[in-house]
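Colleague: starting from these lines, generate the structure:
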Amino acid sequence: MSPPPHRRPVCQKGVLRLSAGRAVDLRLKLNLTSGGLLAVGGLVSSILLSTAVLVGVATRHLPLRDRP
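Modeller: Modelled structure (predicted):
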């Protein structure tokens, strides 16, 4: 039995063009595989979770200590 032929992964493609007046013209082309899309989703979710934890710690009220 021979191994299956090598196939290229399916890519998601996106194009973004932003312009502001005559001075600024930005173009972005993105090719992303399904594995890359999963990795980006994992990174974004971990950033959002860590941000939520940091905000929770920064805004909690600590009990006042008794001063001698």
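Colleague: what pLDDT, on average, does stretch 22-35 get?
Modeller: The pLDDT scores in stretch 22-35 average 91.
Colleague: got the contact list for it?
Modeller: 9, 10, 11, 12, 13, 14, 15, 16, 17, 18, 19, 40 (Cβ atoms under 8 Å, 6 or more residues apart in numbering). C-betas here are computed from N, CA, C, even on glycine.
Colleague: try it again with 6 Å
Modeller: Outside stretch 22-35, the residues that touch it by Cβ atoms under 6 Å, 6 or more residues apart in numbering are 9, 11, 12, 13, 14, 15, 16, 17, 18, 19.
Colleague: for stretch 38-57, same thing?
Modeller: So stretch 38-57 is in contact with no residue, going by Cβ under 6 Å, 6+ apart.
Colleague: name the helix or strand for the spatially most central residue of the chain, please.
Modeller: Residue closest to the mean C-alpha point of the chain, counted by Cα atoms, centre = their mean, is residue 44 at 3.5 Å. Using DSSP states H and E, residue 44 falls within helix 34-59.
Colleague: check which residues of that helix are buried.
Modeller: By neighbour count with 16 or more other Cβ atoms under 10 Å, helix 34-59 contains no buried residues.
Colleague: any idea how far residue 9 is from the residue nearest to the centre of the chain?
Modeller: Relative to residue 9, residue 44 is positioned 21 Å away (Cβ to Cβ, to the nearest Å).
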